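Trainee: Give me a model of this one.
(chains A, B, C and D)
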There are 2 protein chains.
Amino acid sequence: MSDAVDAIVGQWEKERPELRDDLWPVQLIARVQRMNRVLDREAKVFCAKHGVEWGEFDVLTTLRRSGPPYALTAGAFLKAAMVTSGAITNRIDKMEAKGLVERVRDGADRRTVRIKLTEHGKQLTEVLMADHLNRYARLLGDLDPAEVDAAAGLLRKFLEQQGDTSIT
Amino acid sequence: MSDAVDAIVGQWEKERPELRDDLWPVQLIARVQRMNRVLDREAKVFCAKHGVEWGEFDVLTTLRRSGPPYALTAGAFLKAAMVTSGAITNRIDKMEAKGLVERVRDGADRRTVRIKLTEHGKQLTEVLMADHLNRYARLLGDLDPAEVDAAAGLLRKFLEQQGDTSIT
DNA sequence: TGCTTTTATCTCAACGTTGAAACTTTCAGT
DNA sequence: ACTGAAAGTTTCAACGTTGAGATAAAAGCA
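Mentor: The predicted structure follows:
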């Protein structure tokens, strides 16, 4: 059994044999990158079916799981979505035009803008989530659950070390 | 110990308890996505230090590990880099301007264009690789090698299932 | 030899993200 | 109150990628 990354590492071992002992991180890192690409393409197809962008779906689910009143500040999205501020403004602009969310300036701090899920947005999210999780289960369905769990645990350690510990 | 993904899953369990048994794929998939983001940022900083773009570095190493004569067709890059044809054309245009690679149309099939590493490009790549692998080792250095290996193995299975089995 | 299909690459407009600068509001110190 | 620093968001130009279409060459077939 071998994948594209095995081929890549094989090439290095042949071309630069002296690097042999330094290639083990490639085995994980390159696969994380390639898996991300695969997931990304899959996600875009899924979102297109439902008429939303991948980034918009991210905003919808982030709002939905935050619980009532389904409203978060723009700043909260920066960490949750791991994108820059300009991207969030852009996403919200389009989603507001679609009627999925609305901007609410509340009195407490007039710098902040709360992004709030509209009723339409909430209903769409409920529909999307079911399909979304089915899709995930299908993608990983043929893998050993215990191994998936172990791999997730290792990635958690990496992310903790890198300080990816909070979404607020 | 918990990371951002634990927080996300925790929110879902609270908001939609009935989804509890369907959230296990999120534990892996969300971490692959977030780890990819972390790696991406790290890579950009690394590349900026050496005056190349992340996509350009990818082309350089792909050529280098392919072995003499360090020349590949544009099509070969599509699968290796998992990007579209327009992106490759764009990358090669810029790298040719920098003198890192050169386009060679050889007689056999005049449709194909071989992208060839220049001497300058090759020398730069040698320098970059040492730093690159040091960086990788530092990133994963605090993790248990056996666990890294196991996680890489699981991701390999996923990628095989998704047909990511060749770079040619 | 003609004709169609396939393969390989390039072109280009649309798109989303980045990152720095601008803007407004709030906070802290005096 | 006043002033400077900090925080939250928006603006905007530059950038790289996408994806469909164009172009050109090769292969298959009559």
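
Trainee: Which positions within the top helix by length along chain A qualify as buried?
Mentor: Determined from DSSP state H, the single longest helix within chain A is helix A:24-49. Using 16 or more other C-beta atoms under 10 Å in any protein chain shown as the test for burial, helix A:24-49 gives A:24-39, A:42-43, A:46-47. (C-beta placed from N, C-alpha, C; glycine too.)

Trainee: do the same with stretch A:98-117
Mentor: A:98, A:100-101, A:113-117.

Trainee: try stretch A:142-160
Mentor: In terms of neighbour count (16+ other C-beta under 10 Å), stretch A:142-160 has its buried residues at A:143, A:148, A:150-159.

Trainee: about what we covered before: tell me which strands and helices the longest helix of chain A is in contact with?
Mentor: If you count contacts as 3 or more C-beta pairs under 8 Å, 6 or more residues apart in numbering or on different chains; DSSP states H and E, helix A:24-49 packs onto helix A:4-15, helix A:54-65, helix A:119-140, helix B:24-49, helix B:119-140, helix B:145-161.

Trainee: can you redo these as a markdown table with distance to residue A:77 and mean pLDDT?
Mentor: What follows is the helices and strands packed on helix A:24-49, written out as a markdown table (distance: least, C-beta to C-beta, whole Å; pLDDT from 0 to 100):
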| stretch | distance to residue A:77 | mean pLDDT |
| --- | --- | --- |
| helix A:4-15 | 32 | 93 |
| helix A:54-65 | 6 | 93 |
| helix A:119-140 | 14 | 92 |
| helix B:24-49 | 14 | 91 |
| helix B:119-140 | 26 | 93 |
| helix B:145-161 | 28 | 96 |
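
Trainee: closest to DNA strand C out of these?
Mentor: Distance to DNA strand C, taken as C-beta to the nearest atom of the strand, is lowest for helix A:54-65 among the helices and strands packed on helix A:24-49, at 3.5 Å.

Trainee: related to what we said a few turns ago, return the closest of the buried residues of stretch A:98-117 with respect to DNA strand D.
Mentor: Using C-beta to the nearest atom of the strand, residue A:113 comes nearest to DNA strand D of the buried residues of stretch A:98-117, at 4.1 Å.

Trainee: Let me see the contact set for the residue in chain A that DNA strand D sits nearest to.
Mentor: Closest residue of chain A to DNA strand D, C-beta to the nearest atom of the strand: residue A:75 (2.7 Å). Residue A:75 makes contact with residue A:112, according to C-beta atoms under 8 Å, 6 or more residues apart in numbering or on different chains.

Trainee: Would you report the backbone torsion angles of it?
Mentor: The phi and psi values for residue A:75, taken as degrees, to the nearest 10, are phi -60, psi -40.

Trainee: Quick check: residues of chain A near DNA strand D?
Mentor: Neighbours of DNA strand D within chain A, by C-beta under 7 Å from any atom of the strand: A:44, A:73-76, A:85-86, A:88-90, A:92-93, A:103, A:109, A:111-114.

Trainee: So which of these belong to helices?
Mentor: Applying DSSP H to these, the entries found in helices are A:44, A:74-76, A:85-86, A:88-90, A:92-93.

Trainee: ok, and of those, which contact DNA strand C?
Mentor: A:85-86, A:90.

Trainee: This completes my enquiry, with thanks.
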